[in-house]
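Asks: sequence-free structure coming up:
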């Protein structure tokens, strides 16, 4: 996986634009300047841990799962049938891979968003994760499961 | 889902016009990056409303007795169509770059996946 820091900066600005479009109304690059001005440059890195961990896990599970399910379809259908219906095979394989990957990913994404929207909530991924688990229960990690699935 | 289908189809279309065996590794990586970038843009646009919902629903705790579905409906009403696409520029940049990188790895020979099956003849 690629963890270019610039992308993660953009990610944290993106979440701010979505959460508070009235304040962050100047687009991506204006948003960068606003965050630096209002919260200091370090604020661009909030949510870095969960985002990096999430993308690493997601990449491994989704691409690995996608290839796994694609191969299963080829075994079941035979190469020719699978090839003739390849768009359907691509869709079904990615849907299955993403469903299972999202079960693993959802708690990380929930923690990341909480860290960005409430910077004082916790010091990092692990403490944030533990705090949500303790105070709000495991269900709180999956309140975004619908939108995450729908995203795919 | 959109990104896998778009990636496969774009790469397939490119390889219909050029002979895969005559290409250098660099050119193949370029094709993977390009197909991945287009796939990333498509995926970002399709999934933007859901991504905004996800950011919003995790921003706050639910009120006691309020279900996730009713919270989602409430957020959807507040956002409207335009609001759902807030942050699209940042996300196109981010998802586009990430997805291109992912497919360059997936399609490249440094992938951890040892066998990739191709369905395009």
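Replies: Right, received. Where do you want to start? Since the structure is predicted, the reported quantities are computational estimates derived from the model, not experimental observations.
Asks: residue 35: helix or strand, and which one exactly?
Replies: You didn't pick a chain, so chain A it is. Per DSSP states H and E, residue A:35 falls inside helix A:27-39.
Asks: you answered for a different chain; I wanted chain B.
Replies: With DSSP H and E as the criterion, the answer for residue B:35 is helix B:25-59.
Asks: so which elements touch the following helix or strand past the helix holding residue A:35?
Replies: Of the helices and strands lying after helix A:27-39 in sequence (DSSP H and E), the nearest is helix A:48-77. Under the contact criterion of 3 or more Cβ pairs under 8 Å, 6 or more residues apart in numbering or on different chains; DSSP states H and E, helix A:48-77 touches helix A:5-19, helix A:86-117, helix A:125-136, helix B:88-107. Yep, even glycine has a C-beta here, placed from its N, CA and C like the rest.
Asks: distance of the residue nearest the centre of chain A relative to residue A:125?
Replies: What sits nearest the mean C-alpha location of chain A, by Cα atoms, centre = their mean, is residue A:109, with 5.2 Å. Taking Cβ to Cβ, to the nearest Å as the measure, residue A:109 and residue A:125 are separated by 11 Å.
Asks: follow-up on the earlier one: test my guess that the residue nearest to the centre of chain A contacts residue A:148.
Replies: Yes. In terms of Cβ atoms under 8 Å, residue A:109 counts as a neighbour of residue A:148; the distance is 6.5 Å.
Asks: now do the shared contacts for these two.
Replies: Shared contacts of residue A:109 and residue A:148, defined by Cβ atoms under 8 Å, 6 or more residues apart in numbering or on different chains, comprise residue B:54.
Asks: show me what stretch B:45-52 is in contact with.
Replies: Counting contacts by Cβ under 8 Å, 6+ apart, the residues outside stretch B:45-52 that touch it are A:18, A:147-148, A:150-152, B:2, B:79, B:83-88, B:91-92.
Asks: swap the cut-off to 10 Å and go again
Replies: For stretch B:45-52, the external contacting residues (Cβ atoms under 10 Å, 6 or more residues apart in numbering or on different chains) are A:14-15, A:17-19, A:21, A:109, A:144, A:146-152, B:1-3, B:6, B:44, B:54, B:72, B:75-76, B:79, B:81, B:83-88, B:91-92, B:95.
Asks: and it, what's buried?
Replies: Under the neighbour-count criterion of 16 or more other Cβ atoms under 10 Å in any protein chain shown, stretch B:45-52 has B:47-52 buried.
Asks: make JSON lines from the residues you listed and add distance to residue A:90 to it.
Replies: Output for the buried residues of stretch B:45-52, formatted as JSON lines (distance: Cβ to Cβ, whole Å):
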{"residue": "B:47", "distance to residue A:90": "17"}
{"residue": "B:48", "distance to residue A:90": "22"}
{"residue": "B:49", "distance to residue A:90": "23"}
{"residue": "B:50", "distance to residue A:90": "20"}
{"residue": "B:51", "distance to residue A:90": "22"}
{"residue": "B:52", "distance to residue A:90": "26"}
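Asks: with that, I have no additional questions.
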